[in-house]
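Undergrad: Build me a model from this:
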Amino acid sequence: MTPDLNALLETARATALEAGHLLKDGFGTSFRVDNKEGRHNLVTEFDHKAEKLIIARIKERFPDHIFLAEESGASGTPANTVRWIIDPLDGTVNFAHSIPIFCVSIGAEMNGELLCGVIYAPMTNELFTASKGGGAFLDGRQIHVSATEKLYDSILVTGFPYNAASNPHGCLEHFTRFISMGLPVRRLGSAAIDLAYLAAGRFDGYWEVSLQAWDVAAGKLILQEAGGTMTQYDGTTEHSLFQGTMLATNGRIHAEMSSVLMQR
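TA: Numbers count the residues shown, from 1 in each chain. You can find the predicted model right below:
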């Protein structure tokens, strides 16, 4: 049975808004912060509260759907079933330190095909949405990637994994390489926001390593529907939403960025 994309998107939108309001109410208050595996890999009680809320709301509408969520993991077998890929609080380190850059990220896929994606940043009250073949939108206004043609003219964004000290995939050299080219590089601390901003034309390119499916599922669809491109560093392999390398751009500077990232 073909899923109703409008129903999926509306559920994701309403749920992301509700979870985002929960996070906004908790922002700057006293709450418990714990460490997960990895240095500065934090989780707060609001990660758990938001995730439980999101799953509960989706189950109310779609009791047969399954989930892949950052805190509670996977449920069910993802075959011929809609699976929701959820990051209830992307940017936990920011949230825990009262830095107002974080979001809720909710995506839905079936048999590996992304169907809808929603990213909500409660502190700026910005809602990024997309459905398969339906375009990408910010607060109901259609968005598109930037028209920047050359890497030299670009503004980039990146992030680092929790094990950055071990330099996985040469992430430290890549950062140094782009900075040495004189390019402005930002580091916001939320992969989902990075992808949403790229889709909206605020950034021209983004690279990172060791991301998880919940970091990028919603953002990937929003980016693609806005006209952007996401691959692995080699520029040819479709990013699979799992750990590895990721290069996302407006499409126009993709080959140039890939060339820099593939230098030995």
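Undergrad: how about the residue sitting nearest the centre point of the chain, what does it touch?
TA: Residue closest to the average C-alpha location in the chain (CA atoms, centre = their mean): Ala192, at 2.4 Å. Residues in contact with Ala192 (CB atoms under 8 Å, 6 or more residues apart in numbering) are Asp87, Asp90, Gly91, Cys103, Ser105, Ile119, Asp215, Val216, Ala218, Gly219. Every residue, glycine included, has its C-beta placed from N, CA and C.
Undergrad: State the helix or strand in which the first one lies.
TA: Asp87 is part of strand 82-90, with elements assigned from DSSP states H and E.
Undergrad: Tell me which other helices or strands the helix or strand following that strand touches.
TA: Downstream of strand 82-90, the next assigned helix or strand under DSSP H and E is helix 92-96. Applying 3 or more CB pairs under 8 Å, 6 or more residues apart in numbering; DSSP states H and E, one finds that helix 92-96 contacts strand 42-44.
Undergrad: For the stretch 151-264 of the chain, which residues score under the pLDDT cut-off?
TA: For the stretch 151-264 of the chain, residues meeting the criterion pLDDT under 70 lie at 162-171, 242-243.
Undergrad: ranges for the strands of it?
TA: Ranges of strands in the stretch 151-264 of the chain, per DSSP state E, counting those that start in this stretch, are 156-158, 185-186, 205-209, 229-231, 245-249.
Undergrad: do the stretch 1-150 of the chain as well
TA: 33-35, 42-44, 66-69, 73-75, 82-90, 103-110, 113-121, 126-131, 136-138, 141-142.
Undergrad: How far off centre is the third one?
TA: Once both centres are worked out by CA atoms, centre = their mean, to the nearest Å, strand 66-69 turns out to sit 15 Å from its chain's centre.
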